[in-house]
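*Asks:* Need the 3D shape of this:
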Amino acid sequence: MVLVPAAHFLESGDWMVENLVVEIKNHDDDRFVDSEGIITSVDQGSCTLFVPSMRKQCRAEADQVVPVRPQQGDWTRIIYGDDMGVTGVLKSEFDNEGGNHSCFPMQTT
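*Replies:* Okay, here's the model as predicted:
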């Protein structure tokens, strides 16, 4: 069983932090829809994203983006649950299942 944060939690924007990788689900500018972006700054429920595939920045509200699921070996951050804020490398897909947490990939420097 994979624990996914409740929709209301994602819409709140409380999970958004710099360097988190997200997918843009909707945007006023259709060019950005379905693109992956990296959060570069956060301000009260909205964020600035860098979209590597377009080499552009855009702003998005919390309800316009969703965190991307990590793959084995990704540097991740737990964004929901008892261990919220903990970072580390996802050692296996099993690490992202069960328990009271959800982790998502972060851009590394």
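*Asks:* Just the pLDDT at the residue nearest to the spatial centre of the chain, thanks.
*Replies:* Averaging the C-alpha coordinates of the chain gives a centre point, and the residue nearest to it by C-alpha atoms, centre = their mean is residue 67 (2.7 Å). In the prediction, the pLDDT value recorded for residue 67 is 89.
*Asks:* And for residue 96?
*Replies:* Per-residue pLDDT puts residue 96 at 46.
*Asks:* what's the answer for the one 5 residues further on, then?
*Replies:* As summarised for this prediction, residue 101 has a pLDDT of 49.
*Asks:* repeat for residue 92
*Replies:* Here the pLDDT value assigned to residue 92 is 72.
*Asks:* Kindly confirm my reading that residue 54 is in a strand.
*Replies:* No - counting by DSSP: H, G, I helix; E, B strand; the rest coil, residue 54 is located in no strand; its state is coil.
*Asks:* hmm, back to that, from what I can see the residue nearest to the centre of the chain touches residue 19, true?
*Replies:* No - applying C-beta atoms under 8 Å as the test, residue 67 and residue 19 come out as separate, 11.8 Å apart. (C-beta placed from N, C-alpha, C; glycine too.)
*Asks:* Quick check: bridge partners of the residue nearest to the centre of the chain?
*Replies:* residue 22 (DSSP bridges).
*Asks:* Check the gap between it and residue 77 for me.
*Replies:* Counting by C-beta to C-beta, to the nearest Å, the gap from residue 67 to residue 77 is 9 Å.
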